[in-house]
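Undergrad: The following comprises the amino acid sequence and a computationally predicted model.
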Amino acid sequence: MLNLSSHIVKKLSRAEVLLLACSAGGFKILFDILKTLPGDLPVGVLVIIHRNAKYETNIEASMKEKCRIAIKVAEEKEPIEAATVYFAPAGYHLLVEPDRSLSLDISEPVNFCRPSIDVTMQCTAEVYGAGTAAILLSGANQDGALGMQAIRSAGGLCIVQRPEEAEISTMPKAAVALGAADLILGNGELIEFAQQLNNYLTSGSHPWKN
Amino acid sequence: MSISFESLEELIELINRIHGFDLSGYSRASLKRRISRIMDLYQLDVSGVKDNLINTPGFFNNLLMEVTVNVTEMFRDPAFYKVLREEVFPYLATFPHIKVWSAGCSTGEEVYSLAILLKKQGLYDRSFIYGTDINANVLKKAKQGIIDLKKMKEYSDNYLQTGSGDSLSEYYTARYDAAIIHHHLRRNVLFAMHNLVSDGIFNEFQLITCRNVLIYFNKQLQDHVFNLLHGSLSLFGFLCLGSKETLRTENLREKFRLINKKHNIYQKIA
Ligand SMILES: C[S@@+](CC[C@H](N)C(=O)[O-])C[C@H]1O[C@@H](n2cnc3c(N)ncnc32)[C@H](O)[C@@H]1O
């Protein structure tokens, strides 16, 4: 059993959305996490990965068969629902509207990336505030560091893959360097974390929520 | 700098009241990003933006130019253009005149792509293409028909993938770092202002493309625009949306036949 501090447990208990993000070298661990997530996760999950829009990938379709949680490509104006994983489509930024629906944006790449992890993280933090939880994995650039910082300032939970265990450590390192990590987890711990997630998440039953 | 959702609503209100421009149906997440960017650009806080909107002539126009997302490409989504040529053009060819409307055309890359495709299929001489947008700056650029040569290299790749069989360089002249679209491709083309939110039907078209515009609108405004586009199409005319945009308006779905699901191409049947 992963031993989480009360501070982390508290942040987790108010989480209402989970973000998973990676780039080069992060796909395997991302898939392992997705495969581990329970089918009845009480929150929705947004996944941002860097991939080339010019080549078609069928990651979502192949993941669908292997996961218990529902997997789909995000569609514009669809509400974020619990127990569902939404992949940002290649070539678009994934934005979150104040009514907690998704929208797509084809504006300039950020950090040479579209979708950009920073963009979705910032948007999500603005809407979900302290109810945002995010995990940043392996990648070869610094996208995601500012996004994690935004989530942290909003009071959300920021988890970073342990750089030494990441295939490419640039991305997790950049977030850690910005002081944007509440928790640094190794690969085994990330899987354990995904396994236990339902024990901590209580989304929808907060007495302080109106 | 960043604007809060609350202040954003105030700004939308103010813009509508003072400038008669209705942004209320636009995606808040996108507006928030764009306006925050403008605040950085002009070094203004929210009250500074408001003050300028009220007191500085021309500020609103500048703001509008920055608020809209104008990123575009020639032959964006090459597979879409391939389907257009293979599945829609044979049908278009049966019309004596082909009127085309690119709604939300930005700097014109989509319009010139359509012109080239029509030209290659021998349909251009009886076609006329209207490109419209709300952004005066992009329209000005579109009219010039000059494209950055470096970008043109990328677009050549897109064009290759449409399977047209020739090279994009047949359609422009390179001069220094600019690609000038051939004159005849600009002859049957007209760029003009048109606001999908507040302007009405201005012609009847056999083909309408409205791509990557509706993603910035909420569902209600999308419904409004779909009705406008439906009313602007001739019977059996075609409507082409962006690769992530689908026709969801209840009362309109039965008035269109889905021609291609992947590329969101529809034909008006009623
Ligand atoms: C992302 S660009 C799409 C360009 C092109 N259709 C494409 O797919 O590459 C969106 C364009 O829609 C325009 N637009 C936004 N609101 C509009 C409105 N109310 N009426 C007409 N055009 C609008 C913007 O100015 C912008 O140029």
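TA: That came through fine.
Undergrad: Pull out the buried positions in the helix-or-strand element of chain A with minimal mean pLDDT.
TA: Every helix and strand of chain A was ranked by mean pLDDT, DSSP states H and E. The lowest is helix A:59-66, at a mean of 89. Within helix A:59-66, the residues scored as buried using 16 or more other CB atoms under 10 Å in any protein chain shown are A:59-60, A:63. Every residue, glycine included, has its C-beta placed from N, CA and C.
Undergrad: next one: stretch B:250-260
TA: Neighbour count says stretch B:250-260 has B:252, B:255-256, B:259-260 buried, by 16+ other CB under 10 Å.
Undergrad: So for the residues you listed, which is the shakiest by pLDDT?
TA: The lowest pLDDT within the buried residues of stretch B:250-260 belongs to B:Leu252, with 92.
Undergrad: can you pull the contacts of B:Ile12?
TA: B:23-24, B:31 (CB atoms under 8 Å, 6 or more residues apart in numbering or on different chains).
Undergrad: same deal with B:Phe205?
TA: B:99-101, B:130, B:232-234, B:237.
Undergrad: Look up which residues are beta-bridged to it.
TA: B:Leu233 (DSSP bridges).
Undergrad: ok, back up a step: taking the contacts of B:Ile12 one by one, which sit in helices?
TA: B:Leu31 (DSSP state H).
Undergrad: Scan the contacts of B:Ile12 and report the most crowded one.
TA: B:Leu23 (21 neighbours; other CB atoms under 10 Å in any protein chain shown).
Undergrad: Pick out the residue of chain A closest to chain B.
TA: A:Leu95 (3.8 Å; CB to the nearest CB).
Undergrad: which residue sits closest to that residue, ignoring its sequence neighbours?
TA: In space, not counting the residues next to it along the chain, A:Leu95 is nearest to B:Ala29; the distance is 3.8 Å by CB to CB, 6 or more residues apart in numbering or on different chains.
Undergrad: Compute the distance between the nearest residue to B:Thr246 once chain neighbours are set aside and the ligand, please.
TA: Of all residues not flanking B:Thr246 in the chain, B:Asn264 sits nearest, at 5.7 Å (CB to CB, 6+ apart). Separation of B:Asn264 from the ligand (CB to the nearest ligand atom, to the nearest Å): 12 Å.
Undergrad: So which other helices or strands are in contact with the helix or strand encompassing B:Leu185?
TA: In the assignment (DSSP states H and E), B:Leu185 maps to helix B:183-187. The contact analysis (3 or more CB pairs under 8 Å, 6 or more residues apart in numbering or on different chains; DSSP states H and E) places helix B:183-187 against helix B:109-120.
Undergrad: Helix, strand, or coil at A:Leu94?
TA: strand (DSSP: H, G, I helix; E, B strand; the rest coil).
Undergrad: shouldn't it be in contact with A:Ile49?
TA: No - A:Leu94 is beyond contact range of A:Ile49, at 10.8 Å (criterion: CB atoms under 8 Å).
Undergrad: Can you check what pLDDT the model gives the nearest residue to A:Ile69 once chain neighbours are set aside?
TA: Spatial nearest neighbour of A:Ile69, excluding adjacent residues (CB to CB, 6+ apart): A:Leu37 at 4.6 Å. If you check A:Leu37, the pLDDT there is 97.
Undergrad: quick one: low-confidence parts of chain A?
TA: Residues of chain A meeting the criterion pLDDT under 70: A:203-210.
Undergrad: Show the backbone phi and psi for B:Ser127.
TA: Reported as degrees, to the nearest 10, the phi and psi values for B:Ser127 are phi -110, psi 160.
Undergrad: Hmm, B:Val100 and it touching each other?
TA: Yes - counting by CB under 8 Å, B:Ser127 does reach B:Val100; the two are 6.2 Å apart.
Undergrad: tally of neighbours for A:Gly44?
TA: Using other CB under 10 Å, A:Gly44 has 22 neighbouring residues.
Undergrad: what sits against the closest residue to it other than its chain neighbours?
TA: Leaving aside its chain neighbours, A:Gly44 sits nearest to A:Ile80 (4.1 Å; criterion: CB to CB, 6+ apart). Shown in contact with A:Ile80 (CB under 8 Å, 6+ apart): A:17, A:44, A:46, A:86, A:96, A:100-102.
Undergrad: coming back round to it: who does the helix or strand following the helix holding B:Leu185 pair up with?
TA: Per DSSP H and E, helix B:183-187 leads on to strand B:189-193 as the next helix or strand towards the C-terminus. According to DSSP bridges, strand B:189-193 forms sheet pairs with strand B:127-133 (parallel).
Undergrad: And the strands in the chain, which stretches?
TA: Using chain A here. A:17-22, A:44-49, A:70-73, A:84-87, A:93-96, A:102-105, A:132-136, A:157-161, A:183-185 (DSSP state E).
Undergrad: Correction: the question concerned chain B.
TA: B:98-103, B:127-133, B:146-148, B:172-175, B:178-181, B:189-193, B:205-210, B:233-241, B:256-260, B:265-268.
Undergrad: quick one: the residue lying farthest from the centre of chain B and A:Pro98, what's the gap?
TA: Relative to the centre of chain B, and counting by CA atoms, centre = their mean, the farthest-placed residue is B:Ser47 at 32.0 Å. Taking CB to CB, to the nearest Å as the measure, B:Ser47 falls 22 Å from A:Pro98.
Undergrad: How about the most centrally placed residue in chain B: what's its closest non-neighbour residue?
TA: The centre of chain B sits closest to B:Gly104, judged by CA atoms, centre = their mean, with a distance of 2.4 Å. What sits nearest to B:Gly104 in space, not counting adjacent residues and going by CB to CB, 6+ apart, is B:Val213, at 3.4 Å.
Undergrad: The one you found - how many residues pack around it?
TA: 24.
Undergrad: thinking it is in contact with B:Ser102, fair?
TA: No - the pair B:Val213 and B:Ser102 does not pass the contact test of CB under 8 Å, sitting 9.9 Å apart.
Undergrad: Alongside the ligand, which residues does the stretch 101-250 of chain B contribute?
TA: Residues of the stretch 101-250 of chain B lying close to the ligand (CB under 6 Å from any ligand atom) are B:104-106, B:110, B:133-135, B:138, B:195-197, B:211-213, B:242.
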